[in-house]
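Trainee: got a predicted model here, sequence first, then my questions.
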Amino acid sequence: MSKVFYIDLQKCTGCRNCQIACKDEFCGNSWLPYAAEQPEIGQFWMELTEKERGAGSHVRVSYVPVIGAQTQAIAAYAPEVLMEREDGLIVIEPDKAKGRRDIAEKFAGVFWNEELGIPQGCCGCAHLVDDEESPIRTPRCVDNCPVEAILFGDESEFDLAGAERLDPQSSVYYKELPQTFIAATVFDPDAMEIVEGAVVTAKGASGTFTATTDRWGDFWLKEIPADDYAVTIEKDGKKKTVQVSTKDEDQGLPDIALV
Amino acid sequence: MSELKTTVQSIACGGTGGDLTYVDSKDGKIVRIRPVHYTDVYTEAELEPSLWTIKVGDKEFRPGLKSQPNCFALAYKNRIYSKNRVAYPLKRVDWEPGGDPEKINAANRGKSKFKRISWDEALDIMESEIRRVIESYGPYSVLTIGEDGHRESKNLHAGGGMHSTLMSKLGGYTREVRTPDSVEGWYWGAKHFWGSGCNKGLGMPAPPQTGYNPWHVLRDISEHSEMIAFAAGDWELTQNYASQMWSRLIKFWEECGKEFVIIDPFCNYTAVCHDTMKWIPILPNTDAALDFAVMYVWITEGLYDKEYVETHSIGFEKVRAYVLGEDEEGVPKTPAWAAERTGIPEYTIKAYARNRANLTTASVHFSSGAIKGPYSFEPGRTHAYLLGMQGLGKPGVQQAYMNASLIGKETIARSTSAPFSMANQCRMFYPSEQKIPRTMIAEALLKGHAEWYGSPAIVYVETSEQFQKNTYPTTAESYATALGTASPEMARAQGKSVEELQAAIDYKLEHMPKFSKVHMLWSEKPCNMNCWDGGFRFQDAIRTNEVEFFVTNHQWLENDSLFADLILPVTTCVEDDDMMGGSMVVSLRSSAITPPGCDKVGESKSDFEIACAIGERFGVRDQIDMGMSYEEWRQFEFDNSRLGEEITWEQLNENGFYFPKQDPDQDALPAGMYGFYSDPEANPLDTPSGKLEFWSEALAANFPDDIERKPMAMWTVGGPESEGWSHDETLWGERCKDYPLLMVANPGRWRVHVQGDDIKWFREFETMKVEGPDGYKYEPIWINPVDAGKRGIKAGDIVKLYNDRGTLLLGARLSERVIPGAVVVNKGSRVDPIAPHIDRGGAANLISPENQVSKNCRGFAVSGYLVEAAKMEQAEMDQLKKDYPEAFERDYDPATGVNYKSWVVD
């Protein structure tokens, strides 16, 4: 049975309780042989990454909790430093990994502890998972999450078809990783009214995507692949086309006058 | 694992507790802080009667079986063991007791450092100084600061007001009155529209018939509202007062298909993380203009509830005339008119107006934005007018706010916010014969006197109190006014006859205490310069010889404490032996036994223990602790509550926590303002007419010459002081020529007001601090790339933000999340004084206005004011370092920021 993390980004609100949980569990606490103390700052075994997207009145922030060390790539690269386990959790044993700076250099989510001379990263809170007397039996980031965005369990408990990963050998699955968006407000400059119900079509090499403007005159082409698009806005015979690229960044466009 | 000791704690940065946590400790030191799984103690069947339910169609929302603590509680280990903790009593190195101007070195406050002293010496100083000032000036020369306001959640051990309790045993004290922060606009404006409101004075709507409690508001919104309009506040941020349950509620509302709109200069933390939010960027403090344009659309298109307005309100015709331009001014408040002022396109304003009218809309308000700006009574009233025009109290047409956030109702509940039990001995909300509003301390100290209208305490004050004039120091005349004349109501309330009451008043008048100016400041919440308004001026005031002695009780070495003469170390709530549940903004309200979760840090004592220790010197200790042990106090608290109706004392101790049962008859309580909506005659408001008053005759009669707050809301921009205005803080006056940016200084996402700025694990978040090229972690200034570009400011630059009140150093964070024309600096970053009126810590309120809301409304104005930003060039920084070397030589640790070592000499 392999343990996995399953993260639903639609539920995540960016509260960072997961990141705090990890600090709380490992800073100032040593859980040998599973993990030595994490330095008070600078290491992020669980890191909530955030990215500001869009512009104008169409702005969002995407939050992605990242657990870099839970990847079988480490097992392939340096099996000798790992705790022998049947549940697939990656536990870099401090005693076995002394001096292995190379592991910290090679894997995001594994950090070099200069003082102790060891590489450190997420151990899946295996010390809790293994301890039958522990009051909590899941990783702390899972327990701390107030919105149940981060789940943990055996692979078989989750529907992983279509789930995405940041690296192909990772045990951390995401329900949906962010892609890109195009959004704008459409208005009628003569009447100075928003335009509701305009059909918006974005055509690019990755496909054609459509949306309709809502009661704010807004359209959101959400979670479309990064690409160059010809975006056409149409209503009542009025039509406007703009060229937009989401290859570098999401597009919160200036308000569009439909004439 | 078996070696771990586990205690229940209620950790939160407000006075009413939070979602519960378990604190695991080993050998007296905290190992971890985690959510509580209720089923560890109770079975689901046992819990069931205590769990509320919201049902919408076939969807259900419930509290869950695990607590959802706020992020601060979960990081509190970092706070308890902060490098910034005050572990021992500290005395400023160049201050000596005795009040001698030569020896107090008042001007060095905020400059000279501290040294550790013993508790004996600290208590000697407290005793001798209190005796000295009482003998020299009388007890009213002691100003007790911080009876109320945000602080740790404690009960017996208190978080403010124990100094007042002690001083009340020693003859009296001058009370520092917490002004209505967070609700200014409602308090000074909307109270005249819909009455005194929640807690009989907060200014947010609540029916008098339920003891001013707004029950079932979130349930009503869940069941009936189609759109939820957020303004003046950030839901995701504000919930951290106590819990993180509201994030789940928004997701539930999304599942129910509700729509959302957020009006804010900043694409706030609620707007960015929920996909369904419509954000409308608005220039700061122009909300009233938007609201008037909405009214214009509604009136001209017939989109408001005319019948309701007819039957439930008075004075609407005056507002109607103003909006349509059919009054003396003759300016129609059209969407185009509002677009020029708000920065919102005309078409979006029209869409907002129609969407609010066509969808049943609830309004959500928290403690931010325009409601805390200059002339905040205008947006406070216009926001309220919008609800009034859509039938306030109609199912789905409610206002949600912190005290209206309770879901369900327990059988033994006393209100929507009060705890189930209390042992608190601190004097909070007690009147004193001499008082100073928190906003006016600087003026009172600098000028020696002050005058104002209203108490103006945040709660338990009726609207009419705003018409009473007060003075400091108390005079024979103001003393008589405060005592009043005996009325049958007052006599009945005190269990006396009218004659007896009058005799008691006469006796007091004949034996008027000796009132005097204050000369000793004692703060149990030392953050006035950072939480309140005009912070630099407050610093000036406490640097004068008028203040002979300034003592603070506090856990952390920060803010006002840096300007103190003596600092008494205080325990955190986790260290105290207490009994503290959670009663506001929590997912499930609780009562809990909260014994010490760890050893005390250093020699710290709770405020209660400090009052007892000083009380002992004066022979009054037994009047404070009543000779009882903590165990006896807890049982006394339990015995005086209604908890015993549902659980035994023994069982509560065994279980550690308890959730009182839901009241099976709770549906009989009207949701929010429904009673008034359904029958305004039977359920009147406590306004003079009993109805909504678009035009307040009471304001007209009491303040006929007030050019700032008129009897109804207006678009008020202010003007020069010479013409009688308190403010010129908009883009339509003179000062904007020098200071063209509008400052937004809302509370921060990673602090609760000033609390939490030292949390190392938070300071690593990219939205918490900006590391400057000099390695200092500056408070971020969020600035739109357009405004930054005009000023040559790049991400990560050190920025000076200034106006005629002073300068802050900040770190540039370029962001599309802030509307061009505005900058965001969250209030509450700890002060780090370089020199008078120059601060490196970036504490926003230092440069906020000094003139309060308006002349007759002495609440604070701390957001929506004018500033200018510029890149801090290296040469200028070098010059500062040359001019003020000692400020730059203090120890600094980027992980914690300013800390104990920065200010304490070995």
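Mentor: Noted; the coordinates are in hand.

Trainee: next up, the contacts around the residue nearest the centre of chain A.
Mentor: Nearest to the mean C-alpha position of chain A, by C-alpha atoms, centre = their mean, lies residue A:64 at 2.5 Å. Contact analysis of residue A:64 by C-beta atoms under 8 Å, 6 or more residues apart in numbering or on different chains lists A:9, A:12, A:48-51, A:174, A:177-178. (Glycine included, C-beta is placed from N, CA and C.)

Trainee: low-confidence ranges in the chain?
Mentor: Since no chain was named, I'll use chain A. Chain A contains residues with pLDDT under 70 at A:1.

Trainee: let's do chain B instead
Mentor: Scanning chain B for pLDDT under 70 picks out the ranges B:1-2.

Trainee: what's the domain layout of it?
Mentor: Using automatic domain parsing, the domains assigned to chain B come out as B:90-180+B:428-579+B:604-625, B:214-406+B:690-702, B:721-903.

Trainee: any part of the longest one near chain A?
Mentor: No - looking at domain B:90-180+B:428-579+B:604-625 against chain A by C-beta under 8 Å from any C-beta of the partner chain, there are no contacts, and the closest approach is 13.3 Å.

Trainee: helices along the stretch 151-259 of chain A, start to end?
Mentor: Secondary structure of the stretch 151-259 of chain A (DSSP state H, counting those that start in this stretch): no helices present.

Trainee: I misspoke; the intended subject was the stretch 1-150 of chain A.
Mentor: Using DSSP H, counting those that start in this stretch, the helices of the stretch 1-150 of chain A run over A:17-26, A:72-77, A:101-106, A:126-130, A:140-144.

Trainee: the ones you listed: which one's closest to residue A:204?
Mentor: With C-beta to C-beta as the measure, helix A:72-77 is the member of the helices of the stretch 1-150 of chain A nearest residue A:204 (32.7 Å).

Trainee: what residues sit buried inside the closest one?
Mentor: By 16 or more other C-beta atoms under 10 Å in any protein chain shown, the buried positions in helix A:72-77 come out as residue A:74.

Trainee: also stretch B:322-337?
Mentor: B:322-324, B:332-335, B:337.

Trainee: got the CA positions of it in CSV?
Mentor: Taking Å, rounded to 0.1, in the frame of the first residue of the first chain, the C-alpha atoms of stretch B:322-337 are listed here in CSV:
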residue,chain,number,x,y,z
TYR,B,322,-30.5,65.1,-2.6
VAL,B,323,-29.8,62.1,-4.7
LEU,B,324,-31.9,63.4,-7.6
GLY,B,325,-30.4,66.9,-7.4
GLU,B,326,-33.8,68.4,-6.4
ASP,B,327,-32.4,70.2,-3.4
GLU,B,328,-30.4,73.4,-2.9
GLU,B,329,-27.2,71.8,-4.1
GLY,B,330,-28.9,70.7,-7.3
VAL,B,331,-26.4,68.0,-8.3
PRO,B,332,-27.9,64.7,-9.3
LYS,B,333,-25.8,61.8,-8.0
THR,B,334,-25.8,59.9,-11.2
PRO,B,335,-23.5,56.9,-12.0
ALA,B,336,-21.4,59.2,-14.1
TRP,B,337,-21.1,61.6,-11.2
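
Trainee: and residue B:381, helix, strand or coil?
Mentor: helix (DSSP: H, G, I helix; E, B strand; the rest coil).
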